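Participant: Sequence below, structure please.
(one chain, ligands or ions: 1)
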Amino acid sequence: MTVTVENIQNALKSVIDPNTGKDLISSKSAKNIKVDGSDVSLDVVLAYPAKSQIDLIRKLVITALREVPGVKNVSTNVTMSIVAHTVQRGVKLLPNVKNIIAVSSGKGGVGKSTTAVNLALALAAEGATVGILDADIYGPSQPMMLGITGRPESIAENTIEPMEGHGLQASSIGFLIDPDSPMVWRGPMVTSALEQLLRQTNWRDVDYLIVDMPPGTGDIQLTLSQKVPVTGAVIVTTPQDIALLDARKGLKMFEKVGIPIIGIVENMSIYVCPNCDHQEHIFGQGGGQKMCTDYGVDFLGSLPLNLSIREQADSGRPTVVADPDGAISAIYKGIARKIAIQVAEMSKDMSSKFPSIVVQNT
Ligand SMILES: Nc1ncnc2c1ncn2[C@@H]1O[C@H](COP(=O)(O)OP(=O)(O)OP(=O)(O)O)[C@@H](O)[C@H]1O
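Facilitator: Have a look, this model is predicted:
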């Protein structure tokens, strides 16, 4: 039985990447298919960070191709390649940063910074080069959560080097101000300081830069959304009505400036009593999910209200680092993967999805 490249392509049409739900041919992940008698070789290139998925996908490919009549040996190399995506029109791109993801919340204290750092660490754990920009001017908490102290180096004039924490490149307004002096800056000062921090940090070949946005939907957030070249936004909310109301405002704000919404993360969704395992929806149930249905955006996942999330973040070792194989880290990793996949798929239809954007400052 002669094996042809066409036979192999047909077989690969039935190999579904469980993360994207797409087959390896329609997603254009299968490349360099070569057939030499009964030997087949190919590359599979995934568009999202997927270190933990490589073995699984290799096995799926080998199992499927071994069933093709005439095939004896299959060798496949699974790699990942993260590409840069479009941002809102008229905003200058950042060299050395492929994708910027804004993590935002309509309301303060919903766990935006904790979620942002854990998602950044989850992307890094899957093999991506990740940076985090702490733009939360009112409460810069990334230095503490990443256990970073000191001040950034400045090797060249007008630029600073990112600090490092748990493998992330980090830049924070918190590195440059006295943590004990209250921030009484006016709006324009805040946005220009943050834009400088973004553009004058020497990011080193970052696949994803996570921006921990200041909470709220006021002028500062709107101006930032217009100035930062964002690939997409993730909105963090708690399930109670008041937080959801503010999250809706956040969603509208990003829509207004032409930034696609990647999805919504619900934080502190459920409390599980550590003594008796009783589950309580302290802040209500299903709110985030409903909001996603109403607005046609993705529900990325939900995190429980859990003491260890707070303790680990506060001690400078966020959950994804402190307990990488635990159940909560698995949730963060699952959400991070969904975000990366959404971002990977954005490049293809950005132009048709966002034809013309009118920015209104109302
Ligand atoms: N799922 C969770 N379970 C328990 N505690 C949490 C959870 N998420 C966040 N926290 C804790 O809640 C507090 C507020 O979280 P965080 O600073 O991330 O919120 P934020 O929305 O960024 O706040 P701000 O708007 O003030 O910047 C922190 O002490 C954090 O450790």
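
Participant: residues near Ile62, how many?
Facilitator: Using other C-beta atoms under 10 Å as the criterion, Ile62 is surrounded by 16 other residues. (Glycine included, C-beta is placed from N, CA and C.)

Participant: So it versus Met145, what's the distance?
Facilitator: According to C-beta to C-beta, to the nearest Å, Ile62 stands 41 Å off from Met145.

Participant: same question, Lys34
Facilitator: 47 Å.

Participant: quick one, which of those two is more surrounded?
Facilitator: Each of Lys34 and Met145 has its neighbours counted (other C-beta under 10 Å); Met145 has more, 28 against 12.

Participant: Help me confirm that the more buried one comes into contact with Pro318.
Facilitator: Yes: using C-beta atoms under 8 Å, Met145 is in contact with Pro318, at 5.7 Å.

Participant: Overlap in contacts, the two.
Facilitator: Common neighbours of Met145 and Pro318, using C-beta atoms under 8 Å, 6 or more residues apart in numbering, are Thr114, Val117.

Participant: what's stretch 14-26 in contact with?
Facilitator: Stretch 14-26 is contacted by residues 9, 12-13, 27, 29-30, 44, 46, 48, 50, 53, 56-57, 60-61, 64, 337, 341, 345 when judged by C-beta under 8 Å, 6+ apart.

Participant: average model confidence for stretch 73-87?
Facilitator: Stretch 73-87 shows a mean pLDDT of 91.

Participant: Buried residues, it. List them.
Facilitator: Val74, Thr76, Val78, Met80, Ile82, His85, Thr86, Val87 (16 or more other C-beta atoms under 10 Å).

Participant: so when I look at Leu222, I'm seeing a helix, right?
Facilitator: Yes: if the criterion is DSSP: H, G, I helix; E, B strand; the rest coil, then Leu222 is within a helix.

Participant: Can you read off the pLDDT for it?
Facilitator: For Leu222, the model assigns a pLDDT of 84.

Participant: Check Ile54 too.
Facilitator: For Ile54, the model assigns a pLDDT of 95.

Participant: Based on its surroundings, how many neighbours for it?
Facilitator: 17.

Participant: Not counting sequence-adjacent ones, nearest residue to it?
Facilitator: What sits nearest to Ile54 in space, not counting adjacent residues and going by C-beta to C-beta, 6 or more residues apart in numbering, is Val78, at 4.6 Å.
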